[in-house]
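Chemist: sequence isn't available, so here's the structure alone:
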């Protein structure tokens with residue numbers, strides 16, 4: 001890690017024009033990491049722009065009141081990518097997760113740096129800063145930013161990094177949260193992050209539509225395999241009725257996982273052209289391996305998959321059937 005950080009630090013010092021991006025439907029870790037790096041680069045007198053395939057979700061817009069995160073429009077923004085010196089890909093290590101940016105990032109001669117904490121990176125970057133033991137990409141970026149002697153972690157950076165770490169640790173309750181994580185967070189609080197305000201902005205600022213969507217999703221709750229697997233689903237009809245989208249199902253997996261005796265929790269989202277599946281598990285159940293069977297990936301206890309041109313009702317029984325073999329070791 002130290003050698004990789006020094007390599008990336010040298011590239012930052014050497015070059016001037018940077019593009020920052022992340023995966024489709026960015027979450028708190030992705031957006032927090034992007035904004036923290038953006039502010040750090042600006043403090044180092046670098047040019048930087050953030051380009052994302054999706055617009056920023058409503059519950060994270062407070063973090064970007066300067067509208068620095070741009071919704072990528074090829075005709076308008078592709079030259080940023082093609083003329084960049086360096087492109088940072090954060091919280092994603094598979095090029096197809098960049099969606100509309102992918103062809104331009106593959107085409108550009110810019111140096112591509114991947115910073116991530118997920119397993120099995122795809123070989124499309126020039127430099128990789130990967131730590132699959134880290135709680136979040138935000139935690140890795142904290143280590144990188146902290147190596148610059150002339151760079152002070154100002155409040156905007158602290159807020160962004162705290163948000164990244166808080167959301168990807170499940171508010172500091174997921175297994176990889178350790179004393180080092182709390183030491184990092186302690187420093188971010190000293191630098192101006194307000195934990196009460198950040199939590200309220202992310203988790204206590206729901207729309208009525210999102211609350212109604214949760215109610216309808218919980219109505220679909222079912223358990224299988226002797227109560228060890230629980231799942232919920234959100235259909236296109238439910239999104240339409242509540243005026244919501246799949247983005248607003250963020251963190252819905254906590255509800256099936258909260259049931260006594262459940263070891264695997266699954267959220268199925270019906271998309272316009274397929275489905276998205278979010279997997280969670282407890283203990284040593286490698287839920288990322290289950291996700292891989294459906295073209296996805298992730299961590300030991302948290303993973304996801306997105307399938308195109310598949311029907312929700314066809315995939316649910318297949319996923320539940322395949323989940324049983326991962327459950328066996330814990331039963």
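Modeler: Sure thing, it's come through. Only a predicted model underlies this, so the values are computations on that prediction, with no experimental measurement involved.
Chemist: can we go C-alpha only for contacts and neighbour counts from here?
Modeler: Noted.
Chemist: I'd say residue 257 and residue 265 touch.
Modeler: Yes: the pair residue 257 / residue 265 is scored as a contact, 5.1 Å apart, by C-alpha atoms under 8 Å.
Chemist: who touches both of these two?
Modeler: Residues touching both residue 257 and residue 265 comprise 230, 280, 281, with contact defined as C-alpha atoms under 8 Å, 6 or more residues apart in numbering.
Chemist: looking at residue 257 and residue 265, which is more packed in?
Modeler: Under the criterion of other C-alpha atoms under 10 Å, the comparison of residue 257 against residue 265 puts residue 265 first, with 26 against 22.
Chemist: returning to that earlier point: would you list the shared contacts of residue 257 and residue 265 in JSON lines and tack on distance to residue 71?
Modeler: What follows is the shared contacts of residue 257 and residue 265, written out as JSON lines (distance: C-alpha to C-alpha, whole Å):
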{"residue": "230", "distance to residue 71": "35"}
{"residue": "280", "distance to residue 71": "29"}
{"residue": "281", "distance to residue 71": "33"}
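Chemist: buried by neighbour count, from the residues you listed: which ones?
Modeler: Among these, those that count as buried by neighbour count (16 or more other C-alpha atoms under 10 Å) are 230, 280, 281.
Chemist: which one of those is nearest residue 160?
Modeler: residue 280 (25.0 Å; C-alpha to C-alpha).
Chemist: that's a strand at the closest one, yeah?
Modeler: Yes: the assignment for residue 280 (DSSP: H, G, I helix; E, B strand; the rest coil) places it in a strand.
Chemist: who does the helix or strand encompassing residue 198 touch, helix- and strand-wise?
Modeler: Here residue 198, judged by DSSP states H and E, is contained in helix 195-203. Counting contacts by 3 or more C-alpha pairs under 8 Å, 6 or more residues apart in numbering; DSSP states H and E, helix 195-203 packs against helix 155-168.
Chemist: the helix it packs on vs helix 195-203, what angle?
Modeler: Orientation of helix 155-168 against helix 195-203 (axes from the mean of the first three to the mean of the last three C-alpha atoms, to 10 degrees) gives an angle of 60 degrees.
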